[in-house]
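Undergrad: with the sequence up front, the predicted model follows.
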Amino acid sequence: MNSELLIIIPAYNEEENIEKVVNNIRTNYSQYDYIVVNDGSRDRTAQICREKGFHLLDLPVNLGLAGAFQTGMKYAYEKGYAYAIQFDADGQHLPEYLDAMLERIRQGYDIVIGSRFVRFKKSRSMRMIGSRMITVAIKMTTGERIADPTSGMRMFSRDMIREFAMNLNYGPEPDTVSYLIKNGAKVSEVQVEMAEREFGSSYLNVIGSMKYMLKMLLSIILVQSFRKR
């Protein structure tokens, strides 16, 4: 272990993106450690990682984002990292914001979110309307305003690493952030930009996005009050 921060890169069928993402980190941000968690990909993602000598955890079956991320958090916990960040394998998350997020979390926060909307307004698209609704739901249930609750670029403290590593029902989603806030986690946001995906497509199409937003709203408003570790 060379760094206090581990970059966790869950990857499912990202053969067209993974090499560029990891090479950027290795070349320009080598002060940070990383681990690719191949989530049972059906393409050449794992093969490319092995051929290039990337640090790899290779899951034999597809566990979904929650399972892949938790695998990375278990690794971070066992290796003693002080901080870990969820980092997309599709190239949308930009590592140039890692320094600012790390500086913020060192101030005593448990979760720091790379937010697109600290200084900028959301568009009026259906997805952003859903994001607004999740922001309101978290505010109503926790008292905290999270401007970009659906951002997947989230950095976690050692205490949060332990929470994810030791509890099986934790997925890296807005409802979990809401739950953790209710249980005392301190959250902050840092303004970031995100790149467009160059290759492949997101698993969230229009219908999928609507279903996801509805699921998160119901979970935040109803389920989290009864959630147990």
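TA: That came through, no problem. Numbers count the residues shown, from 1 in each chain.
Undergrad: which stretches in this protein count as helices?
TA: Using DSSP state H, the helices found in the chain span residues 18-28, 45-52, 64-79, 98-105, 126-142, 158-166, 174-182, 206-221.
Undergrad: which one of the ones you listed lies closest to residue 39?
TA: helix 64-79 (4.0 Å; CB to CB). Glycine gets a C-beta too; all of them are placed from N, C-alpha and C.
Undergrad: that closest one: which residues count as buried?
TA: 65, 66, 67, 68, 69, 70, 71, 72, 73, 75, 76, 77 (16 or more other CB atoms under 10 Å).
Undergrad: kindly report the same for stretch 147-164.
TA: Those would be 147-158, 160-161, 163-164, for stretch 147-164 by 16+ other CB under 10 Å.
Undergrad: can you list the low-confidence ranges for this structure?
TA: For the chain, the stretches with pLDDT under 70 are 1, 120, 122-127, 168, 197-206, 224-229.
Undergrad: farthest residue from the center of this protein?
TA: The centre of the chain is farthest from one residue, residue 51, which by CA atoms, centre = their mean lies 25.8 Å away.
Undergrad: distance of it relative to residue 8?
TA: Distance, residue 51 to residue 8, by CB to CB, to the nearest Å: 21 Å.
Undergrad: how about residue 75?
TA: Taken as CB to CB, the span from residue 75 to residue 8 is 8 Å.
Undergrad: what residues are shared contacts of these two?
TA: The contact sets of residue 75 and residue 8 overlap at residue 35 (CB atoms under 8 Å, 6 or more residues apart in numbering).
Undergrad: tell me which residues touch the closest residue in space to residue 83 that isn't next to it in sequence, please.
TA: With sequence-adjacent residues excluded and distances taken as CB to CB, 6 or more residues apart in numbering, residue 83 is closest to residue 5, at 4.6 Å. Residues in contact with residue 5 (CB under 8 Å, 6+ apart) are 32, 33, 81, 82, 83, 84, 85, 98, 102, 155.
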